[in-house]
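J.: Structure for the following, please:
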Amino acid sequence: MATTSNSYTANGSTVDFAFTFPYQNNTDIKVSVDEVVQSLTTHYTLHNATTIRFGAAPGSGKAVKVYRDTDSSKLAATFYPGSAIRSGDLNDNYNQNLYVTQEAENDATTALTNSRVLESGAYVSAITKAAAAVTTSNTANTTAGNAVTTANSANSTASSASTTAGNAVTTANAATATANTASTNATNAVNTANTASSTATTATNTANAADTKGDTAIATANTASTNASAAVSTANTANSTASTANSTANTASTNATNAVNTANAASASVAAAVLYTPKADKAALIATEPTENGYYEIADSSDIVNATWTTNSVNYTLSGIPGTFQGSSGLTMRLSYTHSSKTYAWASYFANDPEERYVSDTRTFGSTVTYVVKVATKTAKHRYNGSGHSSGFTLDAQQAPFLELNPGMTYKFDQADSSNSGHPLVFYQESDKTTGYSTGVTTNGTPGSAGAYTQIVTSDTNPTILHYQCSAHALMGNCMQMNTAFDRTAHQVIDAGNFDTSSSTAALSNTYDGGNFDS
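T.: Numbering: from 1, shown residues only. Predicted coordinates for the structure are as follows:
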């Protein structure tokens, strides 16, 4: 793998740390201490081209990492129609792509390493570890359930003991009542003792026996109370055991969740290097019946918008496409698919032919050239953005491009798309539509309806410049250069590129590549 980072262990005094990887911009160099990203100028500076310097030395034992994170939010160099293509700009773009690819490859390798562990000589994935953790959690949950059952049984035993104790108290109360009755009888016997001494003695003995039974009943009640207290203690112990088991189950569940999160993070990192399943166009995407998560790229993104459709009784959804994106046959759209929700999510897009990013399509071959015309909100790419109507024409998904028309050709502007309703495309000699132009021009149908179009057949008598505009609204289009009437003698010379001297020029009748010449 290519080197994209250097790692060190700080000693508490060193402030300079060197790095060995190439980079494009100083802002691409990043620094972390114990995995905490540091701020440029606040924590460190770029001491020279290959060394960073901390304002204060990192603490001893801390992990210092100097790494490259190339900006991928935009191209290093952008090319425009008619501009010179410099090798330095191309190299900058290629190096940017190379560095981003190297960093993604290293991140994917790290993610793969972090998503598995070596056990007994074999690699075990984080998903397998998570499954084992879930099994442990289920076992702990079963143990907790058993503990709860035991606690419930102990509680039932305690309730029974409490009932027995209550019964014992009732018996004791009855014995006391009996003793009171016996005492009354004894008193009565004493009162009649003078006349019935033997009867009184018998009554006294009976009273003493009843008193003894009362003492026995009280002792039995005390024993029952002791047994009830022991049962309550046992129940409390069982409850404590159940709490411990529940805590263990919660810990196991937390560990399982962390393992699943780690596996998901590893899966997300690896996703940056996934292979996309190709699909030709919108119809091929709609006909697809995926059975698992995946990634798809559609070579012809024409008319693909956020929508919901049904294939074989299954509903699918496509979402996340930016409102400013207009698909075309020259743009490939990338999507990620989530099977659980049957959802395709926007990922990115790219030009099928990279040259189309900055070279106008003059399309000089064939007898007829057709431009697909639509109406969309103007962006900064529109020549008249901020002037005239808020919407403008797009030709093959490009915002009102400048056109070059060649001799003997038929150029058809297809206005069948419904967005053209109320916006007839007409040709004029001025952008403000002062003078209309109709030579060689024919129209068909109503804009926004099937079969509607405006076309022009070029000839040697066409004006040098014509404008295509909406007849009902201002500045929705752009202009067209008619090469059939281009007066080359009126233009003496052009500067064809970057020459060594400012006086170097080239005749217009010749062809130059516009590059960097040595002499």
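
J.: Strands of the stretch 201-350 of the chain, start to end?
T.: 277-279, 294-298, 307-311, 314-319, 331-338, 343-351 (DSSP state E, counting those that start in this stretch).

J.: so can I have CSV of the ones you listed showing distance to residue 131, mean neighbour count and mean pLDDT?
T.: C-beta coordinates here come from the backbone N, C-alpha and C atoms, glycine included. Output for those, formatted as CSV (distance: least, C-beta to C-beta, whole Å; neighbours: other C-beta atoms under 10 Å; pLDDT from 0 to 100):
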stretch, distance to residue 131, mean neighbour count, mean pLDDT
strand 277-279, 28, 15, 94
strand 294-298, 23, 19, 94
strand 307-311, 33, 12, 95
strand 314-319, 29, 14, 96
strand 331-338, 21, 20, 93
strand 343-351, 26, 16, 90
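
J.: and those as CSV, adding distance to residue 222?
T.: Listed next are the strands of the stretch 201-350 of the chain as CSV, based on distance: least, C-beta to C-beta, whole Å:
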stretch, distance to residue 222
strand 277-279, 82
strand 294-298, 76
strand 307-311, 78
strand 314-319, 74
strand 331-338, 70
strand 343-351, 73
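
J.: excluding its backbone neighbours, what's nearest residue 291?
T.: Closest residue in space to residue 291, ignoring its immediate chain neighbours: residue 339 at 6.8 Å, by C-beta to C-beta, 6 or more residues apart in numbering.

J.: ugh, wrong one, I meant residue 483
T.: Leaving out its chain neighbours, the residue that sits closest to residue 483 by C-beta to C-beta, 6+ apart is residue 406, at 5.2 Å.

J.: Compute the number of surrounding residues for the residue nearest to residue 291.
T.: By other C-beta atoms under 10 Å, the residues close to residue 339 number 11.

J.: Residue numbering should commence at 193 henceforth.
T.: Will do, 193 is the new start, and the previous item becomes residue 531.

J.: so what's it up against?
T.: When contacts are counted by C-beta atoms under 8 Å, 6 or more residues apart in numbering, residue 531 touches 482, 483, 484, 485, 486.

J.: Buried subset of the residues you listed, written for ChimeraX?
T.: If you want just the buried ones from the contacts of residue 531 in ChimeraX, going by 16 or more other C-beta atoms under 10 Å, the selection is:
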select :486
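
J.: Pick out whichever of the contacts of residue 531 sits closest to residue 425.
T.: Nearest to residue 425 among the contacts of residue 531 is residue 485, at 55.4 Å by C-beta to C-beta.

J.: From residue 469, how far off is the closest one?
T.: Going from residue 485 to residue 469 by C-beta to C-beta, to the nearest Å gives 12 Å.

J.: Arrange the contacts of residue 531 in JSON lines, one row each, with distance to residue 500 as further columns.
T.: Output for the contacts of residue 531, formatted as JSON lines (distance: C-beta to C-beta, whole Å):
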{"residue": "482", "distance to residue 500": "16"}
{"residue": "483", "distance to residue 500": "19"}
{"residue": "484", "distance to residue 500": "20"}
{"residue": "485", "distance to residue 500": "19"}
{"residue": "486", "distance to residue 500": "19"}
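
J.: which helices and strands does the strand or helix carrying residue 355 pack with?
T.: Taking DSSP states H and E as the definition, one finds residue 355 inside helix 318-383. If you count contacts as 3 or more C-beta pairs under 8 Å, 6 or more residues apart in numbering; DSSP states H and E, helix 318-383 packs onto strand 308-311, helix 389-462.

J.: gap between stretch 266-280 and the chain center?
T.: Centre-to-centre, stretch 266-280 and its host chain are 32 Å apart (C-alpha atoms, centre = their mean, to the nearest Å).

J.: Now it: average pLDDT?
T.: For stretch 266-280, mean pLDDT rounds to 84.

J.: What residues of it count as buried?
T.: Within stretch 266-280, the residues scored as buried using 16+ other C-beta under 10 Å are 268, 271, 278.

J.: One more: stretch 564-578?
T.: So, applying 16+ other C-beta under 10 Å, buried residues of stretch 564-578: 564, 565, 566, 567, 568, 570, 574, 575, 576, 577.

J.: Could I get the contacting residues of the nearest residue to the last one once chain neighbours are set aside?
T.: By that I understand residue 577. Spatially, and ignoring its direct neighbours in sequence, residue 577 is nearest to residue 570 (4.5 Å; C-beta to C-beta, 6+ apart). Residues near residue 570 by C-beta under 8 Å, 6+ apart: 576, 577, 578, 582, 583, 584, 591.

J.: Pull the number of nearby residues for the residue nearest to residue 675.
T.: Neighbourhood size, residue 598 [other C-beta under 10 Å]: 16.

J.: Can you check the pLDDT for it?
T.: We have a pLDDT of 88 for residue 598.

J.: Repeat that for residue 405.
T.: 65.

J.: Could you do residue 347 as well?
T.: Looking at residue 347, its pLDDT reads 74.

J.: Next one: it relative to residue 418, how far apart?
T.: 18 Å.

J.: cool, and residue 252?
T.: Using C-beta to C-beta, one gets 64 Å for the distance from residue 252 to residue 418.

J.: which residues does residue 484 contact?
T.: Residue 484 touches residue 531, counting by C-beta under 8 Å, 6+ apart.

J.: ok, now residue 496?
T.: Neighbour list for residue 496: 474, 477, 490, 510, 513, 519, 525 [criterion: C-beta under 8 Å, 6+ apart].

J.: my guess is residue 646 is in a strand, correct?
T.: Yes. Remark: residue 646 belongs to a strand, assigned using DSSP: H, G, I helix; E, B strand; the rest coil.

J.: so what's it bridging to?
T.: Beta-bridge partners for residue 646, by DSSP bridges, are residue 605, residue 635.

J.: Model confidence at it, what's the number?
T.: 97.

J.: Identify the residues contacting it.
T.: The contact partners of residue 646, by C-beta under 8 Å, 6+ apart, come to 604, 605, 607, 616, 617, 618, 619, 633, 634, 635, 636.

J.: Out of these, which comes closest to residue 321?
T.: Using C-beta to C-beta, residue 607 comes nearest to residue 321 of these, at 60.6 Å.

J.: what's around that closest one, how many residues?
T.: 29.

J.: Isn't it up against residue 642?
T.: No. Using C-beta atoms under 8 Å, residue 607 is not in contact with residue 642; the gap is 10.3 Å.

J.: So residue 209 sits against residue 197, correct?
T.: No. The pair residue 209 / residue 197 is not scored as a contact, 11.5 Å apart, by C-beta under 8 Å.
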